[in-house]
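Asks: 3D model of this:
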Amino acid sequence: MSSIKTERLLNLVICLLSTARPLTKAQIRQAVPQYAGNTSTEAFERMFERDKDELRELGIPLVTSSDDALFEDEIGYRVDREAYALPQVVFEPDELAVLGLASRVWQQASLAAPATRALTKLTALGAPQDDGSLIGLEPRIRTAEPAFDALWGAVRDRVPVRFTYRTARTGEVAERQVEPWGVTSRNGRWYLTGHDRSRGAARVYRLSRVEGDVVRIGEPGEYEVPADHVPRVMVGESVQDRPLELAQVRARSTAAQSLRRRAKSIAPGNDGWDVVEVEFGDVESLAEELVGLGAGVLAIEPDELRASVVRRLRAVAEVSG
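Replies: Just a heads-up that it's a prediction; the model follows:
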């Protein structure tokens, strides 16, 4: 649904909710800005009829009646407030605790704000949260891939996109034109599912291999997602988990505690730096972690890890100017 149509329907609902008596078509045409712009009565009639049907399909209780004893054939429209209003939502303390825990899952800045607002609203309900039963639980979902927001929005709006993608086997970079179907996570990695237009087939893309900007190349609602599509199932069928590999990282003696906790071995050095060996399944995820640790670490091997770290640091330097 386009933003223009969404705004028109929203204005129509507000108009019909805010009146104490049914409104005639002429009154609605004057009250809703998008209708007032129609110079043709026929065009307004067609648009209004379509909008009425769409509101009813959305479950909004639009009723018709006559409020004029002299002109019974003058039909008026309004929204039944009692049928439209939602019943009061009541949560038990343990349910609020789980919802509060869920709101703390997201670390990505773009999703952290809505989650924080949701938690504030839950707290405002007045019911005490049973946080004691959740001690030690602090889940986190990382969405640090730069392409996450753009692809998530494209899935939501059903709009085709274009992006540059680095292949897994050869490391070559190629352009992809995709109709996004879904975004899902598997083993700590984010994937996009969709229809590759150039290949004419369904494909799975790892978000960490998307480089540069994601560009929209169509209009919202331009395609339909298959009714039986389940992103996690498609990713599970397409992605083969690679065996764990061993990486060597130099780390300052006071840094990289997250690496040290899961290290296979740590060789202390005489210069204030240790050699830490850690297992990894995805080189891009490990490179992202090392970049986040800053100047306290240096990637030694494998070469693929070093190259990924250097590529990310150069991208940061370019953005910083």
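
Asks: When you work out contacts or count neighbours from here on, use the C-alpha atoms and nothing else.
Replies: Will do.

Asks: Shouldn't residue 174 be within a helix?
Replies: No. Looking at residue 174 with DSSP: H, G, I helix; E, B strand; the rest coil, it is strand, so not inside a helix.

Asks: Next one: it from residue 212, what distance?
Replies: As defined by CA to CA, to the nearest Å, residue 174 lies at a distance of 12 Å from residue 212.

Asks: Residue 259 too?
Replies: In terms of CA to CA, residue 259 sits 29 Å off from residue 212.

Asks: Nearest residue to the middle of the chain?
Replies: residue 152 (4.1 Å; CA atoms, centre = their mean).

Asks: Am I right that it is in a strand?
Replies: No. Residue 152: not assigned to a strand; according to three-state DSSP it is helix.

Asks: so which strand or helix has the nearest residue to it once chain neighbours are set aside?
Replies: In space, and not counting its chain neighbours, residue 152 is closest to residue 183: 6.5 Å by CA to CA, 6 or more residues apart in numbering. Take DSSP states H and E as the rule and residue 183 turns out to sit in strand 173-186.

Asks: in that strand, what counts as buried?
Replies: By 16 or more other CA atoms under 10 Å, the buried positions in strand 173-186 come out as 176, 177, 178, 179, 180, 181, 182, 183, 184, 185.

Asks: Now do the buried residues in stretch 264-274.
Replies: Neighbour count says stretch 264-274 has 266, 273, 274 buried, by 16+ other CA under 10 Å.

Asks: Check stretch 234-244 too.
Replies: Buried-residue list, stretch 234-244, by 16+ other CA under 10 Å: 234, 235.

Asks: Tell me the gap between that stretch and the middle of its chain.
Replies: 22 Å (CA atoms, centre = their mean, to the nearest Å).

Asks: any chance you could map the strands in the stretch 1-150 of the chain?
Replies: All strands of the stretch 1-150 of the chain, identified by DSSP state E, counting those that start in this stretch, fall at 62-65, 76-79.

Asks: mean pLDDT lowest for which of these?
Replies: Lowest mean pLDDT of these: strand 62-65, a mean of 83.

Asks: Name the strands paired with that strand and say parallel or antiparallel.
Replies: Applying DSSP bridges to the sheet, strand 62-65 is found paired with strand 76-79 (antiparallel).

Asks: Show me the contact partners of the strand it pairs with.
Replies: Applying CA atoms under 8 Å, 6 or more residues apart in numbering, the contact partners of strand 76-79 are 13, 16-17, 19, 21-25, 60-67.

Asks: So among these, which ones count as buried?
Replies: Among the contacts of strand 76-79, those buried by neighbour count (16+ other CA under 10 Å) are 13, 16-17, 22-25, 60-62, 65-67.

Asks: Lowest-confidence entry in those residues?
Replies: Lowest confidence among those: residue 67, with 58.

Asks: Common neighbours of residue 174 and residue 212, please.
Replies: Going by CA under 8 Å, 6+ apart, residues that sit against residue 174 and also against residue 212 are residue 164.

Asks: thinking again about what came up before, the residue nearest to residue 152 bridge partners, please.
Replies: residue 192.

Asks: who's in contact with it?
Replies: For residue 183, the contacting residues are 151, 152, 155, 190, 191, 192, 193, 231, by CA under 8 Å, 6+ apart.

Asks: Equivalent analysis for residue 277, please.
Replies: Residue 277 neighbours (CA under 8 Å, 6+ apart): 246, 247, 248, 249, 263, 264, 265, 266.

Asks: which residues of this protein score low on pLDDT?
Replies: 1-2, 38, 66-74, 86-144, 168-171, 188, 240-242, 319-321 (pLDDT under 70).

Asks: what's the domain layout of it?
Replies: 3-84, 93-134, 148-238, 245-320 (automatic domain parsing).

Asks: Nearest to residue 216 among the buried ones among the contacts of strand 76-79?
Replies: Using CA to CA, residue 13 is the member of the buried ones among the contacts of strand 76-79 that lies nearest residue 216, at 30.5 Å.

Asks: got the contact list for the closest one?
Replies: residue 79.
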